[in-house]
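Participant: Predicted model, plus sequence, below.
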Amino acid sequence: MGPADRPVVKRTARAILLDATADGTEIILIKRTKPDHLPYWITPGGGVEPTDPTVVDGLHRELAEELGGKATALVPAFVDTVSYTHHDNGDPAHPHGVKVQHFFVCRLESMDLSQRHGPEVDEPNGEYEVVRLPFTREGVTSVNVVPPSLRAYLASNIEGIRALLAEDLGR
């Protein structure tokens, strides 16, 4: 790590989760509504825990918690690095740390919302509503997808993101 590098103090794993339907491809998002805030839409996923052996294991755990879901064909697609203030056991914040968000394109294998569990379900901060949108430029820009960098990436790369799941990619 060079002198200009900032420490990674948090990592997340998120799914650009696609589902092929009779009407075309859809993306699965979570509409978040918190008291006194405008709604926003996020990709399923969350923080990688120390007990997760890998980032991908963390994503599988998060999909099970948030969607009662399973995904296949996970392909790294996008990384977002943002400044992050980390509070650890009352210690002062680390103002120069970053959060690295790993986004994977993947196919929805199954989803059973009755199997959702974990903090988002047990002690929700506002509402978590699972929604489907057309995986088109119009679909992904019709709502406030966050982070903005992901929204821009999705809007400009619909075809390329679909191509990451092509059978001939060679993974």
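Facilitator: Received the coordinates, thanks.
Participant: Please make it C-alpha for all contacts and neighbour counts, starting now.
Facilitator: Fine.
Participant: contact partners of the helix or strand where residue 133 lies?
Facilitator: Assigning secondary structure by DSSP states H and E places residue 133 in strand 127-134. For strand 127-134, the surrounding residues in contact (CA atoms under 8 Å, 6 or more residues apart in numbering) are 24-34, 67, 120, 139-140.
Participant: Inside strands: which ones of the residues you listed?
Facilitator: Using DSSP state E, the members of the contacts of strand 127-134 that fall in strands are 24, 25, 26, 27, 28, 29, 30, 31, 32, 33.
Participant: now these: which count as buried?
Facilitator: Applying 16 or more other CA atoms under 10 Å to the ones in strands among the contacts of strand 127-134, the neighbour count classes 26, 27, 28, 29, 30, 31, 32, 33 as buried.
Participant: any idea how far residue 59 lies from residue 114?
Facilitator: According to CA to CA, to the nearest Å, residue 59 and residue 114 sit 19 Å apart.
Participant: Can you check what pLDDT the model gives the residue nearest the centre of the chain?
Facilitator: Relative to the mean C-alpha position of the chain, the nearest C-alpha, by CA atoms, centre = their mean, is the one of residue 14, at 2.5 Å. The model reports residue 14 with a pLDDT of 98.
Participant: min pLDDT across the contacts of strand 127-134, which one?
Facilitator: For those, the least confidently modelled position is residue 120, at 73, judged by pLDDT.
Participant: That one contacts residue 66, doesn't it?
Facilitator: Yes - with the criterion set as CA atoms under 8 Å, residue 120 and residue 66 qualify as a contacting pair; they are 7.0 Å apart.
Participant: Those two - which one has more neighbours?
Facilitator: Counting neighbours by other CA atoms under 10 Å for residue 120 and for residue 66 shows that residue 66 has the greater number, 25 against 14.
Participant: shouldn't that one be in contact with residue 116?
Facilitator: Yes - counting by CA under 8 Å, residue 116 is a contact partner of residue 66 at 5.5 Å.
Participant: And residue 20, how far from residue 13?
Facilitator: Using CA to CA, one obtains 22 Å as the distance from residue 20 to residue 13.
Participant: What of residue 109?
Facilitator: Looking at residue 109 against residue 13, where the rule is CA to CA, the gap reads 18 Å.
Participant: Name the residue in those two with the higher neighbour count.
Facilitator: The neighbour count for residue 109 versus residue 13, taken as other CA under 10 Å, is higher for residue 13 (27 against 13).
Participant: so which strand or helix has the more buried one?
Facilitator: Taking DSSP H and E as the definition, residue 13 sits inside strand 8-21.
Participant: Cool, thanks, signing off.
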